[in-house]
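S.K.: fold the following.
(one chain, ligands or ions: 2)
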Amino acid sequence: LKKREIISCVRYKCGLLGTIQDVLRQRPGWVEVKDDGEWDFNWCDVGWLRENFDHSYLEEHVRINHFRNHYELTRKNFMVKNLKRYRKNLEREIGRMEASKCDFFPCTFTLPSEYHLFVEEFKRYPGSTWIMKPVAKSQGKGIFLFRKLKDIIDWKKVMGIITKSNLFVPLGRKFDLRVYVLVTSYIPLKAWLYRDGFARFSSTRFSLSSINDKYMHLTNVAVQKTAPDYDPQKGCKWQMQQLRRYLTAKHGREMVETLFKEMDNIFVRSLQSVQKVIINDKHCFELYGYDILLDQNLKPWLIEVNASPSYTPSSQEDYEMKCRLLEDTLNVVDMEGRLTGKEKRVGGYDLMWNDGPVYREDVNLETFGSSCFTANTHLGCVNDREKQLRRLMKPFPGQKRM
Ligand SMILES: Nc1ncnc2c1ncn2[C@@H]1O[C@H](COP(=O)(O)OP(=O)(O)O)[C@@H](O)[C@H]1O
Ligand SMILES: [Mg+2]
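M.R.: Numbers count the residues shown, from 1 in each chain. Ligands and ions are numbered 1, 2, ... in the order given. This next block holds a predicted model:
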């Protein structure tokens, strides 16, 4: 197997069904490996990783879609622990101003250990709405809102977190954002931001009086799909471009640019908070699905980071977006060896962080001066990926290294 140069295909293993399967199958030169066959590329679920990663010997060229201890960022309680520690370190080493740039996650307590701290905070802010979440569940399962201590008493011994509810309902319905960030290395940190993403709306008009209505308060598609009045034709999503246009029309360009800059800050700092904790491994990459909530001042809040964001499509448009996202993920991972490694853009991905901030090159005269230091991110902007890819890639198979 030293003779990688003469192997002209990528042998892949895939532990998931649906969109990712479709994308892998359609990729020229890629062949699926079943069972215990040898593979070059593995899109596995986190269960497979837990059981197999430690016993696998991975050759140099092999790639896999999770880092070994991804849960440091993607389990709700660990994320909060890491963010709090990171903020404290910044305060000690640089100062309070710098630490305040981490104030983007809601006030959160871990159960069972911080129950008493929670009770103190609860008493300090009577009338607030709180959210209880079990740590190891997803898709809105087990989550509930509460305002009275007696509603939480039975839960104080479970592994969970309690977080203060943030509220902003600009369209009469609650919504949150799903954004995709790809990390190809932790040391040095190299992270890419995808241009597409979406907003998920609840199907029920918002009111503060009914905190028990999950269709009103949880925006997970998995929850909304089961609502009695869910309309699969209409769905409950807006593409990120549509949301950016709407917000720009309503609040002006400057507000919206600040919002997107603050979101960049969330992505980069949350990754930095686990940079020294995640076991860096050149075989690993990870495509994270960020959940972001906006408040009435258009300030973004980090709700959670998903290691296995759903690729289940809710409509044809959604399916096409997820295919683009996954194809471009494979383009960045570059099993085919077609890239130089110096690219700042690959399809719909823009390089956001490369051991430091990445800036745009296209300085135009009008904004000269400021735009030299404009971040190289384009969330919610046009995704003309095909044109860009045509320019970037030599026709397949490139087979430079294969
Ligand atoms: N702090 C919060 N304020 C308001 N709504 C929240 C908050 N945290 C979660 N939610 C709502 O609950 C949903 C599910 O929460 P999340 O933490 O993403 O858990 P899950 O893993 O089940 O998706 C979110 O998409 C959001 O609609
Ligand atoms: Mg979620």
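S.K.: tell me the helices and strands packed up against the worst-scoring helix or strand of the chain on mean pLDDT.
M.R.: Within the chain, no helix or strand scores below helix 214-217, which has a mean of 82 by mean pLDDT, DSSP states H and E. Helix 214-217 is packed against helix 221-224, with contacts defined by 3 or more C-beta pairs under 8 Å, 6 or more residues apart in numbering; DSSP states H and E. The C-beta positions use only the backbone N, C-alpha and C, and glycine is treated the same way.
S.K.: just after the helix it packs on, pick out the following helix or strand.
M.R.: With elements assigned by DSSP states H and E, the helix or strand that comes after helix 221-224 is strand 237-239.
S.K.: identify the residues contacting the least confident helix or strand of the chain?
M.R.: For helix 214-217, contacts defined as C-beta atoms under 8 Å, 6 or more residues apart in numbering pick out 140, 143-145, 174, 202-207, 210-211, 223-224, 227.
S.K.: please state the offset of that helix from the chain centre?
M.R.: Its chain's C-alpha centre lies 22 Å from the corresponding centre of helix 214-217 when counted by C-alpha atoms, centre = their mean, to the nearest Å.
S.K.: and for stretch 109-128?
M.R.: Centre-to-centre, stretch 109-128 and its host chain are 28 Å apart (C-alpha atoms, centre = their mean).
S.K.: what's the mean pLDDT across that stretch?
M.R.: Here stretch 109-128 scores 91 as its mean pLDDT.
S.K.: mind listing what's buried in it?
M.R.: Of all the residues in stretch 109-128, those buried under the rule 16 or more other C-beta atoms under 10 Å are 109, 110, 111, 114, 115, 118, 121, 122.
S.K.: okay, now the nearest residue to residue 313 once chain neighbours are set aside: neighbour count?
M.R.: Distance criterion C-beta to C-beta, 6 or more residues apart in numbering; nearest residue to residue 313, sequence neighbours excluded, is residue 319 at 3.5 Å. When neighbours are defined as other C-beta atoms under 10 Å, residue 319 has 16 of them.
S.K.: quick one on the thing from earlier: which ones among the buried residues of stretch 109-128 map onto strands?
M.R.: 109, 110, 111 (DSSP state E).
S.K.: per-residue pLDDT, the residue nearest to residue 313?
M.R.: Model confidence at residue 319 (pLDDT) stands at 95.
S.K.: surely it touches residue 20?
M.R.: No: counting by C-beta atoms under 8 Å, residue 319 stays clear of residue 20, with 11.8 Å between them.
S.K.: biggest separation within the buried residues of stretch 109-128, which pair?
M.R.: The most widely separated members of those, counting by C-beta to C-beta, are 110 and 122 (14.7 Å).
S.K.: how about the strands in the stretch 251-400 of the chain?
M.R.: 286-294, 300-306, 345-346, 349-354 (DSSP state E, counting those that start in this stretch).
S.K.: who wins for proximity to residue 100 among the ones you listed?
M.R.: Nearest of the strands of the stretch 251-400 of the chain (C-beta to C-beta): strand 300-306, 14.5 Å.
S.K.: other SSEs contacting the closest one?
M.R.: Contact analysis of strand 300-306 by 3+ C-beta pairs under 8 Å, 6+ apart lists helix 71-74, helix 76-93, helix 253-273, strand 286-294 as its packing neighbours.
S.K.: what mean pLDDT does the first one have?
M.R.: Average pLDDT, helix 71-74: 97.
S.K.: circling back to that earlier point, just the contacts of helix 214-217 that are near ligand 1?
M.R.: Among those, proximity to ligand 1 is found for 140, 143 (C-beta under 6 Å from any ligand atom).
S.K.: which ones among the contacts of helix 214-217 lie within strands?
M.R.: 144, 145.
S.K.: which members of the contacts of helix 214-217 are classed as buried?
M.R.: 140, 143-145, 174, 202-204, 206, 211, 223-224, 227.
S.K.: neighbours of the nearest residue to residue 309 once chain neighbours are set aside, how many?
M.R.: Spatial nearest neighbour of residue 309, chain neighbours left out: residue 289 (2.5 Å); criterion: C-beta to C-beta, 6+ apart. Applying other C-beta under 10 Å, we find 19 residues neighbouring residue 289.
S.K.: so residue 289 bridges to which residues?
M.R.: residue 180, residue 306 (DSSP bridges).
S.K.: quick one: low-confidence ranges for the stretch 1-150 of the chain?
M.R.: Counting by pLDDT under 70, the stretch 1-150 of the chain contains low-confidence ranges at 1-7.
S.K.: close to ligand 1: what parts of it are there?
M.R.: Counting by C-beta under 6 Å from any ligand atom, the residues of the stretch 1-150 of the chain that sit close to ligand 1 are 106, 131, 133, 137, 138, 139, 140, 141, 143.
S.K.: hmm, the fifth one is touching residue 306, no?
M.R.: Yes: contact status for residue 138 versus residue 306: in contact at 7.1 Å, counting by C-beta under 8 Å.
S.K.: doesn't residue 198 fall inside a strand?
M.R.: Yes: applying DSSP: H, G, I helix; E, B strand; the rest coil, one finds residue 198 inside a strand.
S.K.: separation between it and residue 219?
M.R.: 11 Å (C-beta to C-beta, to the nearest Å).
S.K.: output stretch 273-286 as CSV, nothing but the C-alphas.
M.R.: The C-alpha coordinates for stretch 273-286 follow below in CSV (Å, rounded to 0.1, in the frame of the first residue of the first chain):
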residue,chain,number,x,y,z
SER,A,273,-12.2,27.4,23.7
VAL,A,274,-11.6,23.7,22.9
GLN,A,275,-8.4,24.1,20.8
LYS,A,276,-6.1,22.7,23.5
VAL,A,277,-8.6,20.1,24.6
ILE,A,278,-9.5,18.4,21.4
ILE,A,279,-7.1,15.7,20.4
ASN,A,280,-5.7,17.0,17.2
ASP,A,281,-5.3,14.4,14.5
LYS,A,282,-4.4,15.0,10.9
HIS,A,283,-6.8,12.2,9.9
CYS,A,284,-9.8,14.0,11.3
PHE,A,285,-12.1,16.8,10.1
GLU,A,286,-15.4,17.9,11.5
